[in-house]
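# I would like the atomic coordinates for the input below:
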Amino acid sequence: VDQRQVSTARMYAAEACCMLGDPGKAMQYLAGDGSTMDEAAIDRLASALAGTNMDPQDQKQQQQQKQADAGVGDGISRIRLGKAQQMLRSTASVISAHMGDTKAAKEWATSANAQTETEEASASAGPNRPIFSEGQQALMYCMLRAGDTSAALKLLLGSRS
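Next comes the predicted model:
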């Protein structure tokens, strides 16, 4: 079975569990191996979703992949990996919010938003670029849920300029 298909199925399962009111199970699907959701889990799943699979146990290969992503490397693979990482961070933010962990939700949303800003700095904004990225939407949701309307408004107005 193709790792991209397995990873896509995990994403759908996570979303379904969240919609059915079981965010804990959703987070388990994202983490994959039953461990906690962390940056390493995001990197493993994003790599599989983007089709840039690497053995999570192979530290040397992971380091080379990160260097390729940061450098010239394969531009399309780098973009796919970045988009997958952003999507997963946004998803982890939403699931954390459903679990009632607003601190983790905001951390994941902030991370997704930073990923978006990095992508936008390295690529020109084309006509198909959405007004708000997934990371910005997740961050605004966390801010509004926490009652920080002034910060959400600032993010909203900053995104439109």
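# where's the residue lying closest to Ser7 once chain neighbours are set aside, which helix or strand?
Leaving aside its chain neighbours, Ser7 sits nearest to Ala48 (3.9 Å; criterion: CB to CB, 6 or more residues apart in numbering). Any C-beta I mention is one placed from the backbone N, CA and C, and that applies to glycine too. Using DSSP states H and E, Ala48 maps to helix 39-50.
# For Leu144, which residues are in contact?
Counting by CB atoms under 8 Å, 6 or more residues apart in numbering, Leu144 makes contact with Ala152.
# List the buried residues in the helix or strand where it lies.
Using DSSP H and E, the element containing Leu144 is helix 134-145. For helix 134-145, a neighbour-count test (16 or more other CB atoms under 10 Å) marks Glu134, Gly135, Gln136, Gln137, Ala138, Leu139, Met140, Tyr141, Cys142, Met143 as buried.
# Isn't the fourth one up against Thr91?
No: taking CB atoms under 8 Å as the definition, Gln137 is not a contact partner of Thr91, at 11.5 Å.
# just checking, what packs against the helix ranked longest in the chain?
Ordering each helix of the chain by length in residues (DSSP state H) puts helix 75-98 first. Counting contacts by 3 or more CB pairs under 8 Å, 6 or more residues apart in numbering; DSSP states H and E, helix 75-98 packs against helix 3-19, helix 23-31, helix 39-50, helix 59-70, helix 102-122, helix 134-145.
# can you list the weak-confidence ranges in the chain?
33-35, 53-75, 116-133, 159-161 (pLDDT under 70).
# Enumerate every residue touching the residue of it most remote from its centre.
Using CA atoms, centre = their mean, the residue of the chain lying farthest from its centre is Ser150. It sits 24.6 Å away. Residues in contact with Ser150 (CB under 8 Å, 6+ apart): none are found.
# Could you rerun that using 10 Å?
Met143 (CB atoms under 10 Å, 6 or more residues apart in numbering).
# and it, helix, strand or coil?
Counting by DSSP: H, G, I helix; E, B strand; the rest coil, the backbone at Ser150 sits in helix.
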